[in-house]
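Student: Please work out how this folds:
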Amino acid sequence: MNELSRPTTHWNVRLDATLAARVEMAMWDPHLRKPKYGTRKALIEHLLTEWLQREAVKSMENYNG
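Tutor: Predicted coordinates for the structure are as follows:
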């Protein structure tokens, strides 16, 4: 299943303004004069996927005792 055919959901999340600004600046495209389209989504998906993988490892370690 490619990325375009995956079902999506909309989350409305409040973040610290300074943190959000730092992320926006890190993703800034000087030619577009704004963050490149899709970079926030990609970052959040990447971070959540890594977090879920770490949680799964922790869960298995706790299960195996």
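Student: So for Tyr63, what pLDDT did the model give?
Tutor: Listed pLDDT for Tyr63 reads 76.
Student: Apologies, that question was intended for Glu50.
Tutor: Confidence score, pLDDT, at Glu50: 96.
Student: the longest helix in the protein is where?
Tutor: Of all segments of type helix in the chain, defined using DSSP state H, the longest is helix 39-64.
Student: Neighbours of Arg40, how many?
Tutor: For Arg40, the count of nearby residues is 14 (other Cβ atoms under 10 Å). For every residue, glycine as well, the C-beta is placed using N, CA and C.
Student: what do you get for Trp28?
Tutor: Applying other Cβ under 10 Å, we find 13 residues neighbouring Trp28.
Student: tell me the centre residue of this structure?
Tutor: Nearest to the geometric centre of the chain sits Ile44, at 0.6 Å (Cα atoms, centre = their mean).
Student: From Glu61, how far off is that one?
Tutor: Distance, Ile44 to Glu61, by Cβ to Cβ, to the nearest Å: 26 Å.
Student: ok, now Ala17?
Tutor: Distance, Ala17 to Glu61, using Cβ to Cβ: 37 Å.
Student: now do Leu19
Tutor: Separation of Leu19 from Glu61 (Cβ to Cβ): 30 Å.
Student: Torsion angles phi and psi at Pro35?
Tutor: Taking degrees, to the nearest 10, you get phi -60, psi 140 for the backbone angles of Pro35.
Student: List the beta-bridge partners for it.
Tutor: Using DSSP bridges, the bridge partners assigned to Pro35 are Trp28.
Student: Look at it and report its pLDDT.
Tutor: So Pro35 comes in at 93 (pLDDT).
Student: was I right about it contacting Ala20?
Tutor: No. Between Pro35 and Ala20 there is no contact under Cβ atoms under 8 Å: 10.7 Å.
Student: The two: which has the busier surroundings?
Tutor: Pro35 (16 against 13).
Student: quick one: that one from Leu15, how far?
Tutor: 14 Å.
Student: what helix or strand does Met25 sit in?
Tutor: helix 17-26 (DSSP states H and E).
Student: How about that helix, which residues are buried there?
Tutor: By neighbour count on 16 or more other Cβ atoms under 10 Å, the buried set for helix 17-26 is Val23.
Student: That concludes my questions; thank you for your assistance.
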